[in-house]
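Q: Coordinates for the following, if possible.
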Amino acid sequence: MKRYTDLAQVPAGFGPTVVTIGNFDGVHIGHQKVLSTLAETAQHHGLTSVAVSFDPHPAVVHNPAGHHVEIMDQDSRQRIMDSLGIDVYLLLHYNLNFAAQSPDEFVHRTFVEALNARYVVIGDDVRFGAGNSGDLNTMKELGQQYGFDVIVVEDLLADGTHRCSSTGIRSLLTEGKVAQAAEILGRNHFMQGEVVHGAARGRELGFPTANMDANSTGLVPADGVYAGWLTDEAGTRHPVAISVGTNPTFEGITCRQVEAHVIGRPQEAVEAFNLYGQHITLEFVDYLRGMVAYTGVEALIEQMNLDVSRASEVLGV
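A: Alright, predicted model coming up:
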């Protein structure tokens, strides 16, 4: 799969293509329905499929004082799109000048001149152009004007009642509802990053952990303990109990930490099972409990044993 980050990078005479547009944060099951339709249409007509998106997210540009956290990074989105059969990811830089384009200007420059679109695949809630003034009817009118057909993909409803949305997924994750978020994502929510050295408290308590670097990608869910999976650089998937938060039993921890204890690894095998420096994927399967400040180490160890046992049950290991 190719990625272009500017219209100037698109080769002259590119296409003809089938195009869709969106932010695709999370690439949830609603996005997947649109992208699958895009890929199938392109394959059927012998055309190139192109997903057009924006970076940074428009919410960051229009409300810089807001707190917008994305579900996943652009590389992760591209990998999922690639698995769905999309040929090209056109990731355009979004700023206020770009946002000022009228719907006609945007479609003509991007879809017509640069991509030579023959079909445009969109959801019925599509909005584009300055002030989000363009909608489905606008796109159909522009299609008639510029000679491309518009294929409308109906909303895919979560639980048969609610629209699948990235906003809804973010809300679920910030509440710790990772299992519910997974139903809309079509996969477990995940983080990716390097394993770094921590304070080694877990090792001292008999529960060594892989600590995620502060620059890891992926939305950090609510504080608490989770059952999940860790995939190492060799591609091996390990069952884990994950802790997210500041660990209130101990003083002096002010930053939220994400750390995972690999289930079934005895203390004496820790040195041989060295994850430090590895780039791992951490999946969140289910929420087990909230963060609690225990009155002593013994009570904490007892709870950690219960957490590991419960995580094992959830994961079926």
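Q: Give me the most central residue, the protein.
A: Met72 (2.9 Å; C-alpha atoms, centre = their mean).
Q: all strands for the stretch 151-300 of the chain, in order.
A: Under the criterion DSSP state E, counting those that start in this stretch, the stretch 151-300 of the chain contains strands at 157-158, 162-163, 189-196, 210-212, 224-231, 237-245, 257-262, 279-289.
Q: Report all helices and strands that the fifth one contacts.
A: The one in question is strand 224-231. strand 237-245, strand 257-262, strand 279-289, helix 297-315 (3 or more C-beta pairs under 8 Å, 6 or more residues apart in numbering; DSSP states H and E). Glycine gets a C-beta too; all of them are placed from N, C-alpha and C.
Q: Now mean neighbour count, mean pLDDT and distance to Asn95 too, for these, in CSV please.
A: Below are the helices and strands packed on strand 224-231 laid out as CSV (neighbours: other C-beta atoms under 10 Å; pLDDT from 0 to 100; distance: least, C-beta to C-beta, whole Å):
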stretch, mean neighbour count, mean pLDDT, distance to Asn95
strand 237-245, 22, 94, 33
strand 257-262, 23, 93, 32
strand 279-289, 20, 97, 31
helix 297-315, 15, 91, 44
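Q: possible to save these as a markdown table with distance to Phe14?
A: What follows is the helices and strands packed on strand 224-231, written out as a markdown table (distance: least, C-beta to C-beta, whole Å):
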| stretch | distance to Phe14 |
| --- | --- |
| strand 237-245 | 39 |
| strand 257-262 | 41 |
| strand 279-289 | 33 |
| helix 297-315 | 46 |
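Q: Which one, of those, ends up nearest to Arg163?
A: strand 279-289 (22.6 Å; C-beta to C-beta).
Q: Pull the CA coordinates from the closest one and hand them back as CSV.
A: Extracted in CSV, the C-alpha atoms of strand 279-289 (Å, rounded to 0.1, in the frame of the first residue of the first chain):
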residue,chain,number,x,y,z
HIS,A,279,8.4,-2.7,20.5
ILE,A,280,5.2,-4.5,21.6
THR,A,281,1.5,-4.4,21.0
LEU,A,282,-0.7,-4.4,24.1
GLU,A,283,-4.4,-5.4,23.6
PHE,A,284,-7.1,-4.6,26.2
VAL,A,285,-9.7,-7.4,26.4
ASP,A,286,-11.8,-6.6,29.5
TYR,A,287,-11.9,-4.4,32.6
LEU,A,288,-11.3,-6.2,35.9
ARG,A,289,-11.4,-3.5,38.6
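Q: mind listing what it pairs with, with the direction of each?
A: Strand 279-289 has these partner strands in its sheet, going by DSSP bridges: strand 189-196 (antiparallel), strand 224-231 (antiparallel).
Q: Show me the helices in the stretch 51-200 of the chain, by range?
A: For the stretch 51-200 of the chain, the helices defined by DSSP state H, counting those that start in this stretch cover 58-62, 74-83, 96-99, 103-106, 136-146, 166-174, 178-185.
Q: low-confidence ranges in this protein?
A: 160-161, 198-206, 247-254, 265-273, 295 (pLDDT under 70).
Q: Go again with 50.
A: Low-confidence segments of the chain, defined by pLDDT under 50: 250, 268-272.
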